[in-house]
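1. predicted model follows, preceded by the sequence.
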Amino acid sequence: MRIAVTGSIATDHLMTFPGKFTDQLIADKLDKVSLSFLVDELAIRRGGVAANIAFGLGVLGLRPLLVGAVGADFAEYRHWLEHHGVRTAGVRESMLRHTARFVCTTDADGNQIGSFYTGAMAEDAEIKIVPLAAEHGIDLVLIGAGDPGAMVVHTAECRQAGLKFAADPSQQLARILGDEQVRALVDGADYLFGNEYEEALIERKSGWGSAEILARVGVRITTLGPAGARIDRQGQPPITVPAVPDAKPADPTGSGDAFRSGFLAAVAWGLSLERAAQLGNLMAVHALESTGPQEYNLKPGPLTERFATAYGDAAAAEVATYLPA
């Protein structure tokens, strides 16, 4: 199975302020705030939902096609992704805007002040999915969180062309206002991803209950944090897969994206949904234990050993067959 991944492509500029923001705020002057914080650290991380998922698929040997809009400043990031097995022929370079960027400062109490620059992501809707899918032999399109208008357009394209798609609206559910938009993103999806909160939000915004959603999608995958993941299908008992034990969290950013890459890789290999969730959990832990969503180092030997510890030798052996050397 050949997979295309759409959604945000961004860089994160993360800074640390050793003091407290609250110490710098004057209560009766909050209508005239003018502050500058001298920071101690700057970490530049590659990110974006689509790029994170494509990275995970790439290191698992899937050669995914990344689809999205970037700026002329994307050259180094493109090289990084291609080096890790991601095809970037579906990435459009904007003539007007920079690549999307998140700039955030965190203080000693963990409070954050951040800004997100949409940049070239605003042009995502101008990219046509169906011609790309035909050119690159795509079997499944994951429509991840990005420009909301583009998400709706790409979903409609897939539906009209009969192209299989996975719906993953995640962070953009708060921005997607209309019930019709949420329904348009979900209806007919072969796979629907979300965490527990997003699961409830999809139901509230769409007006569809769980049973009605299951009647409209093939497989619903809900991540449960430290409780693992649950898979639901119409007329079938749910499959609950426990999380990988003894995780050592460093940074939660991108762990959900890594789960999706592991799940879809196993699906592409023709493995069971249970194996898919197990591999998803293992990939999520790799990201969770690293600082940055694309900083984990995937080694087949240690991955197989940890898989066996979490889910048994037989399950690990089944997955190990497909891992790249």
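-> Arrived safely.

2. where do the strands of the stretch 101-250 of the chain begin and end?
-> 112-117, 140-144, 164-168, 191-195, 219-223, 229-232, 239-241 (DSSP state E, counting those that start in this stretch).

3. strand partners (parallel or antiparallel) of the last one?
-> With DSSP bridges as the test, strand 239-241 is paired with strand 229-232 (antiparallel).

4. same thing with the longest one?
-> Sheet neighbours of strand 112-117, with direction, are listed as strand 100-106 (antiparallel) (DSSP bridges).

5. how about the second one?
-> Paired neighbours of strand 140-144 in the sheet (DSSP bridges): strand 3-6 (parallel), strand 164-168 (parallel).

6. mind checking these for the one nearest to Ala125?
-> When the strands paired with strand 140-144 are compared by CB to CB, strand 3-6 sits nearest Ala125, at 10.4 Å. From N, CA and C alone the C-beta is placed, and that goes for glycine too.

7. which elements pack onto the next helix-or-strand element following that closest one?
-> Remark: after strand 3-6, the chain's next helix or strand is strand 10-16, criterion DSSP states H and E. Under the contact definition 3 or more CB pairs under 8 Å, 6 or more residues apart in numbering; DSSP states H and E, strand 10-16 sits against strand 41-47, strand 100-106.

8. the helix or strand hosting Ala258 vs strand 140-144, what angle?
-> Assessed by DSSP H and E, Ala258 sits inside helix 255-268. Interaxial angle of helix 255-268 relative to strand 140-144 (axes from the mean of the first three to the mean of the last three CA atoms, to 10 degrees): 170 degrees.

9. now distance to Gly225 too, for the strands paired with strand 140-144, in a markdown table please.
-> As requested, the strands paired with strand 140-144 are exported to a markdown table (distance: least, CB to CB, whole Å):
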| stretch | distance to Gly225 |
| --- | --- |
| strand 3-6 | 23 |
| strand 164-168 | 17 |
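
10. out of those, which one sits most buried?
-> Highest mean neighbour count of these: strand 3-6, a mean of 29 (counted as mean count of other CB atoms under 10 Å).

11. now that one - C-alpha only, PDB.
-> The C-alpha trace of strand 3-6 is given here as PDB (Å, rounded to 0.1, in the frame of the first residue of the first chain):
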ATOM      1  CA  ILE A   3       0.400   6.300   1.300                       C
ATOM      2  CA  ALA A   4       0.200  10.000   0.800                       C
ATOM      3  CA  VAL A   5       0.100  12.300   3.900                       C
ATOM      4  CA  THR A   6      -1.400  15.800   3.800                       C
END
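
12. now do it: everything it contacts.
-> 50, 53-54, 57, 62, 64-68, 90, 124, 127, 129, 132-133, 136, 138-144, 146, 150-151, 154, 264, 268 (CB atoms under 8 Å, 6 or more residues apart in numbering).

13. could you give the mean pLDDT of it?
-> Mean per-residue pLDDT for strand 3-6: 98.

14. next, the angle strand 10-16 makes with the worst-scoring helix or strand of the chain on mean pLDDT.
-> Least confident helix or strand of the chain, by mean pLDDT, DSSP states H and E, is strand 112-117 with a mean of 86. With the same axes, to 10 degrees defining the directions, strand 112-117 sits at 160 degrees from strand 10-16.

15. how distant is strand 112-117 from the center of its chain?
-> Centre-to-centre, strand 112-117 and its host chain are 19 Å apart (CA atoms, centre = their mean, to the nearest Å).

16. what's that strand in contact with?
-> Outside strand 112-117, the residues that touch it by CB under 8 Å, 6+ apart are Ala10, Phe21, His98, Ala100, Arg101, Phe102, Val103, Cys104, Thr105, Thr106.

17. from those residues, pick the one nearest Pro237.
-> Nearest to Pro237 among the contacts of strand 112-117, with distances taken as CB to CB, is Ala10, at 38.8 Å.
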